[in-house]
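Asker: dropping a prediction and its sequence here:
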Amino acid sequence: MDASLAFPLLVGLIAVALLFDFLNGLHDAANSIATIVSTRVLRPHYAVFWAAFFNFIAFLFFGLHVAETLGKGIIDADTVTPAVVFSALVGAIVWNIVTWWAGIPSSSSHALIGGLVGAGVAKAGTGAIVWGGLTKTVAAIVLSPATGFVLALILILLVSWIFVRRTPFAVDNTFRVAQFFSASLYSLGHGGNDAQKTMGIIAVLLYSQGMLGDTFYVPLWVVLTCQSALALGTLFGGWRIVHTMGSKITRLNPMQGFCAETGGALTLFGATWLGIPVSTTHTITGAIVGVGAARRISAVRWGIAKSIVVAWIVTLPATAAIAAATYWITHLTS
């Protein structure tokens with residue numbers, strides 16, 4: 001392929017990656033705003049601006065460990081070609097659109113990882129998989145919601161004990177203010193973990209084309225454009241999913257919203273610093289279930305939670321299959 005064809009193709013693939021990042025923000029906006037909206041602390045339109053701002057500035061607080069994991073820790077970087085990247089993105093985008101339309105809070109992160117694995121295996125077989133990175137990521141499917149659940153449960157028990165002598169009205173007012181802080185932390189965690197996934201895809205694409213030299217790294221312009229695309233997607237919001245996350249799983253008051261957001265944020269901070277690409281959807285769902293279960297087990301609508309878990313399990317194989325099919329079709333028609 002000569003340079004005159006390679007450059008337009010490269011630009012097109014970067015545009016598709018940024019489209020995924022935008023859809024990621026659109027799809028996952030509810031994760032950042034569901035609790036603060038459902039507790040009526042902020043109206044949805046104000047909440048998305050709040051979340052988008054903290055989504056964008058997240059790169060100032062975190063390293064790029066997650067981007068490095070996505071770039072070279074899921075499939076071998078030497079396996080990556082434009083066709084592999086395109087197929088992975090198609091698998092993730094198709095799944096995101098389907099689940100967004102259905103109002104199912106599935107994982108954009110694992111959709112992208114499933115797409116990478118499916119396209120990589122379609123090109124080079126299972127030898128393309130970096131098993132250490134993939135195993136760590138798959139383990140996080142279980143560990144991230146479980147951690148969010150436990151932290152939120154501990155927080156709500158601790159907060160309930162501290163404020164036991166306060167009137168319900170005083171507690172409500174206190175945590176209406178505190179939720180601005182917890183929602184900010186969660187949006188930082190969301191922006192810090194999710195935008196880096198697209199950064200990793202774009203960086204490994206540039207690396208595969210010899211545009212980064214011999215060393216894999218994430219250029220600053222990639223960081224800024226990915227953070228911007230995610231924040232812009234968040235601005236458009238995910239109104240269909242807000243209802244599921246904020247009220248269908250369990251009803252929340254401001255204190256519970258604060259504990260869910262803080263527990264989720266702590267989980268995301270830890271995962272991002274460790275370079276683990278976790279699902280913000282999984283994390284906040286686990287935290288919301290945790291605060292609901294602290295009140296009473298029956299407060300959680302377990303049927304809704306179960307359907308969400310099923311979507312989590314299906315995401316990796318579904319997106320891998322879509323990506324593999326896309327790669328084969330692309331390969332046959334090229």
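Answerer: Received the coordinates, thanks.
Asker: the host helix or strand of Thr315 packs against which elements?
Answerer: Counting by DSSP states H and E, the secondary-structure element that holds Thr315 is helix 302-333. Contacts of helix 302-333 with other secondary structure elements, assessed using 3 or more CB pairs under 8 Å, 6 or more residues apart in numbering; DSSP states H and E, are made with helix 82-102, helix 108-124, helix 280-295. For every residue, glycine as well, the C-beta is placed using N, CA and C.
Asker: how far is the first one from where the chain is centred?
Answerer: So that's helix 82-102. Relative to the chain's own centre, helix 82-102 is displaced by 14 Å; criterion: CA atoms, centre = their mean, to the nearest Å.
Asker: which residue ranges of the protein form helices?
Answerer: For the chain, the helices identified by DSSP state H occupy 3-38, 44-56, 65-72, 82-102, 108-124, 131-162, 168-208, 220-236, 239-243, 254-274, 280-295, 302-333, in order along the chain.
Asker: quick one: the ones you listed as CSV, columns for mean pLDDT and mean neighbour count too.
Answerer: Rendered in CSV, the data for the helices of the chain read as follows (pLDDT from 0 to 100; neighbours: other CB atoms under 10 Å):
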stretch, mean pLDDT, mean neighbour count
helix 3-38, 78, 22
helix 44-56, 84, 21
helix 65-72, 88, 24
helix 82-102, 87, 22
helix 108-124, 91, 28
helix 131-162, 89, 18
helix 168-208, 90, 23
helix 220-236, 92, 21
helix 239-243, 52, 19
helix 254-274, 92, 26
helix 280-295, 81, 28
helix 302-333, 81, 17
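Asker: turn those helices into CSV, columns for distance to Asp214.
Answerer: Conversion of the helices of the chain to CSV gives the following (distance: least, CB to CB, whole Å):
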stretch, distance to Asp214
helix 3-38, 19
helix 44-56, 31
helix 65-72, 13
helix 82-102, 20
helix 108-124, 21
helix 131-162, 21
helix 168-208, 9
helix 220-236, 18
helix 239-243, 42
helix 254-274, 26
helix 280-295, 34
helix 302-333, 27
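Asker: for Tyr22, give its distance to Trp131.
Answerer: Rather than Tyr, residue 22 is Phe. When distances are taken as CB to CB, to the nearest Å, Phe22 and Trp131 turn out to be 31 Å apart.
Asker: actually Leu19, not the one I typed
Answerer: Here the distance between Leu19 and Trp131 works out to 30 Å (CB to CB).
Asker: do Gly148 as well
Answerer: Look at Gly148 and Trp131: by CB to CB, they are 26 Å apart.
Asker: for Leu230, same thing?
Answerer: As for Leu230, its distance to Trp131 is 29 Å (criterion: CB to CB).
Asker: for Ala83, same thing?
Answerer: Distance of Ala83 to Trp131, given as CB to CB: 23 Å.
Asker: same thing with Trp273?
Answerer: 23 Å.
Asker: surely Leu155 meets Gly264?
Answerer: No: the pair Leu155 and Gly264 does not pass the contact test of CB atoms under 8 Å, sitting 10.4 Å apart.
Asker: so what sits against both of these two?
Answerer: By the contact definition CB atoms under 8 Å, 6 or more residues apart in numbering, Leu155 and Gly264 are jointly contacted by no residue.
Asker: residues contacting the most far-flung residue of the chain relative to its centre?
Answerer: Within the chain, Arg165 marks the point farthest from the mean C-alpha position, 38.3 Å out by CA atoms, centre = their mean. By CB under 8 Å, 6+ apart, Arg165 lies in contact with nothing.
Asker: so for Ala321, which of the helices and strands packed on helix 302-333 sits nearest?
Answerer: Relative to Ala321, the nearest member of those by CB to CB is helix 108-124, separated by 6.2 Å.
Asker: now the closest one, how far from the centre of its chain.
Answerer: In terms of CA atoms, centre = their mean, the gap separating the centre of helix 108-124 from the centre of its chain is 16 Å.
Asker: counting contacts, what elements does it pack onto?
Answerer: Contacts of helix 108-124 with other secondary structure elements, assessed using 3+ CB pairs under 8 Å, 6+ apart, are made with helix 3-38, helix 65-72, helix 82-102, helix 131-162, helix 168-208, helix 302-333.
Asker: what sits up against stretch 168-179?
Answerer: Counting by CB under 8 Å, 6+ apart, the neighbours of stretch 168-179 from elsewhere in the structure are Thr35, Ile36, Thr39, Val41, Phe163, Arg166, Asn253, Pro254, Met255, Gly257, Phe258, Glu261.
Asker: export those to a markdown table and tack on distance to Asp76?
Answerer: Written out in a markdown table, the entries for these read as follows (distance: CB to CB, whole Å):
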| residue | distance to Asp76 |
| --- | --- |
| Thr35 | 39 |
| Ile36 | 41 |
| Thr39 | 46 |
| Val41 | 46 |
| Phe163 | 52 |
| Arg166 | 56 |
| Asn253 | 49 |
| Pro254 | 48 |
| Met255 | 47 |
| Gly257 | 43 |
| Phe258 | 43 |
| Glu261 | 37 |
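Asker: just give me the closest of those to Asn96.
Answerer: Distances from Asn96 to these, taken as CB to CB, are shortest for Thr35 (21.8 Å).
Asker: the closest one: what's it in contact with?
Answerer: If you count contacts by CB under 8 Å, 6+ apart, Thr35 has them with Gln179, Ala183, Met245, Gly246, Leu252, Gln256, Gly257, Ala260, Glu261, Ile284, Ile288.
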